[in-house]
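[1] have a look at this fold, sequence not included:
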């Protein structure tokens, strides 16, 4: 990840790197395919936190999402409890009772009140939480300052690697973890992400800064075009770094926003890179758009095109697929103004094809990072989106997901 003078990456940083946060995890037997033998986890703060969240836009919403939406935004959140292996979605009234039971068990474990605990679940839809197994696992969780690493592992489902980061800026720390590999698409998608900071944030700025960071990151990734009922992103601020509350418009607010953006972009790229069956990260940079919405929709459409994704997987320099994906995006486009390069190799200029070394482009497409740069030539707006290639392994993973 590119760094600048605004923040520095903390080696081996995670969600518990900010002051006052602890986490832990245990195995309850809920996720039969848990890669690290962990599937239930708790994040807790020593003091109450300001909290905000963003959740799935899918009209089918899991019990955990509905419970969190009842609580947030809040000035008094102490903990988040999460499980993998069972989504607790489409489970009716009993699912809501089970989510509440999960929150109650976690509250007892960390010494918090029920309304101070948020819940997140991920896994198979339409199955009830095994409450006895869940409660047993919660009772065995030991919280520690380095427990964020275990929590990052415990929330994984089809992920192949844990996703975590922490950065320091302006006397405060921001940490984060995320999970997600399939059912990933812009506007929050089968993804859990938890962010923490010891910065003293004003409530309004906390919410607005989170929205800005999400728009630049998690809402600009796609793996397969599907979304889930469980998508949740939660930011907790306990203020333990000290100082006056950070409000919008100040220099400290600018520093915080820059650092939060960096954390979210890193996690979002990690989710896209780890897409189910993926072998490559695709980064699409669109510039020259007539509006910001045009820039964003063009970049997102290219990353979601199955034809583009399969061409990248097969190292096929078939740039026409990229051009026509942009053409159907709905953005304003004039053919004789567009230009395109793939990983630094120009292939189109002002709507006309350019001669290029096909072998050189094939070699570039074989690399683990593929960059598509598309210029609409119409205005000053730009946007970046991330996706991954589409392989036969993706079909295999999802064809056998519950069997």
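    Perfect, I can see it now. Only a predicted model underlies this, so the values are computations on that prediction, with no experimental measurement involved. Numbers count the residues shown, from 1 in each chain.
[2] for the rest of this, base every contact and every neighbour count on C-alpha atoms.
    OK.
[3] what's the longest helix in this structure?
    The helix that spans the most residues within the chain, counting by DSSP state H, is helix 251-273.
[4] wait, is residue 325 part of a helix?
    Yes: counting by DSSP: H, G, I helix; E, B strand; the rest coil, residue 325 is located in a helix.
[5] buried sites along the longest helix of the chain?
    252-273 (16 or more other Cα atoms under 10 Å).
[6] need the contact partners of that helix.
    Here helix 251-273 makes contact (Cα atoms under 8 Å, 6 or more residues apart in numbering) with 1, 6-7, 163-170, 174-181, 209-210, 212-214, 216-218, 221-223, 246-248, 279-282, 386-388.
[7] other SSEs contacting whichever helix or strand comes after it?
    Downstream of helix 251-273, the next assigned helix or strand under DSSP states H and E is strand 281-289. Secondary-structure packing of strand 281-289 (3 or more Cα pairs under 8 Å, 6 or more residues apart in numbering; DSSP states H and E): helix 251-273, helix 292-304, strand 369-375, strand 381-388.
[8] strand 281-289 vs helix 292-304, what angle?
    Here strand 281-289 runs at an angle of 150 degrees relative to helix 292-304 (axes from the mean of the first three to the mean of the last three Cα atoms, to 10 degrees).
[9] now strand 281-289 and strand 381-388, what's the angle there?
    160 degrees.
[10] any idea of the mean pLDDT for strand 281-289?
    Mean pLDDT, strand 281-289: 97.
[11] swap in stretch 145-162?
    On average, stretch 145-162 scores 95.
[12] okay if I get the helices and strands packed on strand 281-289 as JSON lines plus mean pLDDT?
    Output for these, formatted as JSON lines (pLDDT from 0 to 100):
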{"stretch": "helix 251-273", "mean pLDDT": "95"}
{"stretch": "helix 292-304", "mean pLDDT": "95"}
{"stretch": "strand 369-375", "mean pLDDT": "98"}
{"stretch": "strand 381-388", "mean pLDDT": "95"}
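[13] how about a markdown table for these, with distance to residue 47 added?
    Shown next, in a markdown table, are these (distance: least, Cα to Cα, whole Å):
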| stretch | distance to residue 47 |
| --- | --- |
| helix 251-273 | 21 |
| helix 292-304 | 39 |
| strand 369-375 | 41 |
| strand 381-388 | 36 |
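[14] can you give me the buried ones in the helix or strand harbouring residue 348?
    Here residue 348 is covered by strand 345-349, with elements defined by DSSP H and E. Residues 345-348 are the ones in strand 345-349 that count as buried (16+ other Cα under 10 Å).
[15] longest single strand anywhere in the protein?
    The longest strand of the chain (DSSP state E) is strand 40-55.
[16] what sits against residue 7?
    Applying Cα under 8 Å, 6+ apart, we find residue 7 in contact with 167-170, 255, 258-259.
[17] for it, what are phi and psi?
    Backbone torsions of residue 7, given as degrees, to the nearest 10, read phi -150, psi 160.
[18] quick check: pLDDT value at it.
    Looking at residue 7, its pLDDT reads 93.
[19] tell me how many other residues crowd the closest residue to it other than its chain neighbours.
    Leaving aside its chain neighbours, residue 7 sits nearest to residue 169 (4.5 Å; criterion: Cα to Cα, 6 or more residues apart in numbering). Residues near residue 169, counting by other Cα atoms under 10 Å, number 19.
[20] against residue 195, how distant is residue 169?
    The gap separating residue 169 from residue 195 is 15 Å, by Cα to Cα, to the nearest Å.
[21] check the secondary structure at the residue in the chain sticking out farthest from the centre for me.
    When each C-alpha in the chain is compared with the mean C-alpha position (Cα atoms, centre = their mean), residue 355 comes out farthest, at 38.4 Å. When classified by three-state DSSP, residue 355 comes out as coil.
[22] isn't residue 235 up against residue 51?
    Yes: counting by Cα atoms under 8 Å, residue 235 touches residue 51, with 5.6 Å between them.
[23] returning to that earlier point: nearest to residue 321, out of the helices and strands packed on strand 281-289?
    Judged by Cα to Cα, the one of those that comes nearest to residue 321 is helix 292-304, at 8.7 Å.
[24] what angle do that closest one and strand 369-375 make?
    Using the same axes, to 10 degrees: helix 292-304 against strand 369-375 is 140 degrees.
[25] which helices and strands sit right next to helix 292-304?
    strand 281-289, helix 320-327, strand 381-388.
[26] so where's the stretch 1-150 of the chain uncertain?
    1-5 (pLDDT under 70).
[27] rerun that using 50 as the cut-off
    Applying pLDDT under 50 to the stretch 1-150 of the chain picks out residues 1-3.
[28] for it, which segments count as strands?
    With DSSP state E, counting those that start in this stretch as the definition, the stretch 1-150 of the chain shows strands at residue ranges 8-9, 21-26, 40-55, 74-86, 117-124.
[29] ok, residue 111 to residue 63 distance?
    Counting by Cα to Cα, the gap from residue 111 to residue 63 is 23 Å.
[30] swap in residue 96?
    5 Å.
[31] same deal with residue 69?
    10 Å.
[32] what of residue 254?
    Residue 254 sits 35 Å away from residue 63 when distances are taken as Cα to Cα.
[33] what of residue 344?
    Separation of residue 344 from residue 63 (Cα to Cα) stands at 46 Å.
[34] who has more neighbours, the two?
    Between residue 344 and residue 63, counted using other Cα under 10 Å, the more crowded position is residue 63 (28 against 13).
[35] about what we covered before: what angle separates the longest strand of the chain from strand 74-86?
    Going by the same axes, to 10 degrees, strand 40-55 makes 120 degrees with strand 74-86.
[36] what is strand 40-55 packed up against?
    Right, strand 40-55 is packed against strand 21-26, strand 74-86, helix 131-139, helix 148-154, helix 203-216, strand 232-237 by 3+ Cα pairs under 8 Å, 6+ apart.
[37] now do stretch 369-383: everything it contacts.
    By Cα under 8 Å, 6+ apart, stretch 369-383 touches 280-292, 295-296, 299, 312, 333-334, 337-344, 364.
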